[in-house]
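In: Pasting the sequence and the predicted coordinates here, then a few questions.
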Amino acid sequence: MMTSTTDQALTSHQNAIFCEQIQLLYGGLKVALAITLLVSAFLLLALWPVANHSILLTWFGGMLVLTGLRLVSYALFRQRMRFRLGLHRCYQIFVVGVLIASLLWCATLIWLFPLEDVKHQTFIIFALVGMCSGGVTTLSFKRGPSLVFITPIILTLGWRFVSMGETWGISLAAACILYFIGLVISSRHIFHNTLQNIELHLKSSEQSIVIEDNERRLRTILDTAADAFFLHDETGRFLDVNRQACLSLGYTRQELLQLSVNDIELGINQQDVEQVWGEIEKGHSVTMSG
């Protein structure tokens, strides 16, 4: 029984972490899609003089269609309870969208790469390097998506360099490997930092719930007590009272919280209260008569 309870608590905690991770992934989706369309539009304009127009427009149209579908997935995620769509299914849809986006970027290196134009080659390479860096930043909240995005692009980029058959091409392919390793390391750091922040947030939320529950129980105990209870500060002003205190004095709780000890105890003045507070020691009690 103890093992079963522990397993259930662990599963609940893991589900809470998973939920936070998916929220973060979808939370940055709209900005990522806007940047994707912007870079795609720049590539369309830059490659128009040197690329096959039919292929270029087909590629850009694919980007537009994918962006629209991913926006639909975002809307479904926001309304997942209405459509009874589980978080795991939302995550699967997200990863599929990431993979298709990666393959479309790879297409620029296969069908849109101008073999005889170094200037436009450089433009494509810089665009893809930037997209990979941005992908690591926005997709590393879980382990999988960032690797799904950058791995096909880096492999295709390395293949393109090697296929040039030059020594400098081999060197650039080796640089791609080093760049990929750096991206993976960065992704791991982002993942672990995010996971730590999520766990701290969940722990803080759990502690807040426990504190609120304890306060609610204490309030119930005090309000059902037969004795009057008064909590006041060092000046004598009331901070809290229970139900019996209100009944015994004929005040409402809101009215008592506007008063102090001096207002209900005629035989005690402010100087008496301050003197008692000055003499009291931690762990000891003091009785005042009034």
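Out: Great, that's in hand. Numbering: from 1, shown residues only.

In: C-alpha only now, for contacts and for neighbours.
Out: OK.

In: Which pLDDT value belongs to Lys282?
Out: As predicted, Lys282 sits at a pLDDT of 56.

In: I'd like to know the average pLDDT value across the longest helix seen in the chain.
Out: Determined from DSSP state H, the single longest helix within the chain is helix 167-223. For helix 167-223, mean pLDDT rounds to 87.

In: Give me the sheet partners of the helix or strand following that helix and which way each runs.
Out: Helices and strands here follow DSSP states H and E; after helix 167-223, the next one along the chain is strand 230-232. Sheet partners assigned to strand 230-232 using DSSP bridges are listed as strand 238-241 (antiparallel).

In: Near the nearest residue to Leu43 once chain neighbours are set aside, how many other residues are there?
Out: In space, Leu43 comes closest to Ile124 once its chain neighbours are excluded; the distance is 7.3 Å by C-alpha to C-alpha, 6 or more residues apart in numbering. Neighbour count of Ile124, defined by other C-alpha atoms under 10 Å: 21.

In: residue contacts, Ile124?
Out: Ile124 sits next to 43, 108-109, 113 when contact means C-alpha atoms under 8 Å, 6 or more residues apart in numbering.

In: Make CSV out of the residues you listed and add secondary structure, neighbour count and distance to Gly236.
Out: Output for the contacts of Ile124, formatted as CSV (DSSP: H, G, I helix; E, B strand; the rest coil; neighbours: other C-alpha atoms under 10 Å; distance: C-alpha to C-alpha, whole Å):
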residue, secondary structure, neighbour count, distance to Gly236
Leu43, helix, 19, 73
Thr108, helix, 23, 76
Leu109, helix, 21, 77
Phe113, coil, 21, 81
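
In: The helix or strand that Val136 is a member of: which residues count as buried?
Out: Per DSSP H and E: Val136 is located in helix 118-139. Within helix 118-139, the residues scored as buried using 16 or more other C-alpha atoms under 10 Å are 120-121, 124, 127-129, 131-139.

In: Excluding covalently adjacent residues, which one is nearest to Ala107?
Out: In space, Ala107 is closest to Trp59, 7.7 Å off (C-alpha to C-alpha, 6+ apart).

In: For whichever strand or helix holds that neighbour, buried residues please.
Out: Trp59 belongs to helix 53-78 when assigned by DSSP H and E. For helix 53-78, a neighbour-count test (16+ other C-alpha under 10 Å) marks 56, 59-60, 63-64, 66-67, 70-71, 73-74, 76-78 as buried.

In: go on, stretch 40-55?
Out: 40, 43-44, 47, 51.

In: Show me what it is in contact with.
Out: In contact with stretch 40-55 (C-alpha under 8 Å, 6+ apart) are residues 56-57, 60, 63, 111-114, 120, 124.

In: at 10 Å what do you get?
Out: 34-39, 56-57, 59-61, 63-64, 105, 107-108, 111-117, 120-121, 123-124, 127 (C-alpha atoms under 10 Å, 6 or more residues apart in numbering).

In: With stretch 61-68 instead?
Out: With C-alpha under 10 Å, 6+ apart, stretch 61-68 has contacts from 29-30, 32-34, 36-37, 40-41, 55-60, 69-74, 97-98, 100-101, 104-105.

In: Convert stretch 118-126 to CSV, retaining C-alpha atoms only.
Out: The C-alpha coordinates for stretch 118-126 follow below in CSV (Å, rounded to 0.1, in the frame of the first residue of the first chain):
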residue,chain,number,x,y,z
VAL,A,118,28.7,31.5,-53.0
LYS,A,119,26.9,34.7,-51.9
HIS,A,120,23.5,33.0,-51.9
GLN,A,121,24.9,29.8,-50.4
THR,A,122,26.2,31.8,-47.5
PHE,A,123,22.8,33.5,-47.1
ILE,A,124,21.1,30.0,-46.8
ILE,A,125,23.7,28.7,-44.4
PHE,A,126,23.4,31.7,-42.1
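
In: Figure out how far that stretch is from the centre of its chain.
Out: In terms of C-alpha atoms, centre = their mean, to the nearest Å, the centre of stretch 118-126 is set 35 Å apart from its chain centre.

In: can you give me the mean pLDDT across it?
Out: 92.

In: per-residue confidence at Gln270?
Out: 66.

In: That's all I had, so thanks and see you.
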